[in-house]
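A.B. asks: whatever this is, show me its structure:
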Amino acid sequence: MKQLFNEDERGQVGIGTLIVFIAMVLVAAIAAGVLVNTAGFLQATAEDAGQESVDKVTNRVEVINQHGTVGLNDTISNMTLTVRLAAGSGAVDMDTTSIKYLSDNEVQTLTNSSDGMVDPAGNATQFNLTEVTDDDGSFGVLNSGNDRYEVTINASDIEGGYDYNGLNTGDKIQLDITSQTGGTTQVILTMPQQLAGKNTGEPVKL
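C.D. replies: Next up is the predicted model:
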């Protein structure tokens, strides 16, 4: 029977084979490093995208009531909304919050006039902010479930204030209140069908 193995014989590996082996190890190590880095980058990107998506849904305000003010010629001259943090929302800075105003005749993006240098009802490009309750004196930033602010929008100025007319009875407007993180609250307001018996400056339910 032929002997298959001889313990006295030893295989030898050439320098070329050794170089190829080392090169394969290096390539594998580099590839593994790239995969680890890529996986880490993708994970971080996914976390950021997920957080941004959550912020867009949760970091927003909630409108809890609203009313209008009677202007001249049986119109609504301005609207006031009472806002608070939506459920589960983080802090919302009203200084960086915008309101898109859309009616049949006008579209305007309003920013906060917290400096108090404009009409208390706001103007054609700014809304006015008034404190109702604020737990920690951080006016302008809704950061507590107990915080309440009033947002006043001057419809008369937006709709062409030269004649002091605002919104007519039956008119409908859309307000999109968007925080800095992109969280948006949409409000649809319909003006009363008639204002008989109401005097200028009186509040009316919307």
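A.B. asks: tell me which helix or strand of the chain sits lowest on mean pLDDT?
C.D. replies: Using mean pLDDT, DSSP states H and E, helix 15-58 stands out as the lowest-scoring helix or strand of the chain, at a mean of 72.
A.B. asks: what does the helix or strand that that helix is followed by rub up against?
C.D. replies: Once the chain leaves helix 15-58, the next helix or strand it forms, by DSSP states H and E, is strand 61-70. Contacting residues not belonging to strand 61-70 are listed as 76-87, 89, 92, 97, 121, 142, 148, 155, 167, 177, 179, 185, 187, 189, 191-192, 195, 198-206 [CB atoms under 8 Å, 6 or more residues apart in numbering]. In short, each C-beta sits where N, CA and C put it, glycine included.
A.B. asks: stretch 109-128 too?
C.D. replies: Outside stretch 109-128, the residues that touch it by CB under 8 Å, 6+ apart are 69, 77-78, 94-101, 108, 129-130, 139-140, 151-154, 156-158, 161.
A.B. asks: count the neighbours of G145 for me.
C.D. replies: Look at G145: counted by other CB atoms under 10 Å, it has 12 neighbours.
A.B. asks: quick one, what contacts it?
C.D. replies: Counting by CB under 8 Å, 6+ apart, G145 has contacts 84-85.
A.B. asks: tell me the pLDDT of it.
C.D. replies: With respect to pLDDT, G145 scores 89.
A.B. asks: again, but for G201
C.D. replies: G201 is given a pLDDT of 90.
A.B. asks: likewise the one 4 residues further on?
C.D. replies: As predicted, K205 sits at a pLDDT of 92.
A.B. asks: find the residue closest to it in space, skipping its chain neighbours.
C.D. replies: H67 (5.7 Å; CB to CB, 6 or more residues apart in numbering).
A.B. asks: with G68 instead?
C.D. replies: G68's closest residue in space is I76 (CB to CB, 6+ apart), at 4.1 Å.
A.B. asks: hang on, the earlier thing: partners of the residue nearest to K205 in the sheet?
C.D. replies: T80, K205 (DSSP bridges).
A.B. asks: burial of it, as a residue count?
C.D. replies: Look at H67: counted by other CB under 10 Å, it has 17 neighbours.
A.B. asks: how close does it sit to T152?
C.D. replies: As judged by CB to CB, to the nearest Å, H67 and T152 stand 10 Å apart.
A.B. asks: what touches both of the two?
C.D. replies: Joint contacts of H67 and T152 (CB under 8 Å, 6+ apart) are 79-80.
A.B. asks: what's the helix or strand for the most centrally placed residue in the chain?
C.D. replies: Centroid-nearest residue in the chain: G182, 2.2 Å away (criterion: CA atoms, centre = their mean). Following DSSP H and E, there is no helix or strand that holds G182.
A.B. asks: I'd like the numbering to begin with 204 instead of 1 from here.
C.D. replies: Okay, residue one is now 204; in that scheme the one you just asked about reads as G385.
A.B. asks: quick check: phi and psi at it.
C.D. replies: Phi and psi for G385, reported as degrees, to the nearest 10, are phi 100, psi 0.
A.B. asks: before we move on, what about A289?
C.D. replies: In terms of degrees, to the nearest 10, the main-chain angles of A289 are phi -70, psi 160.
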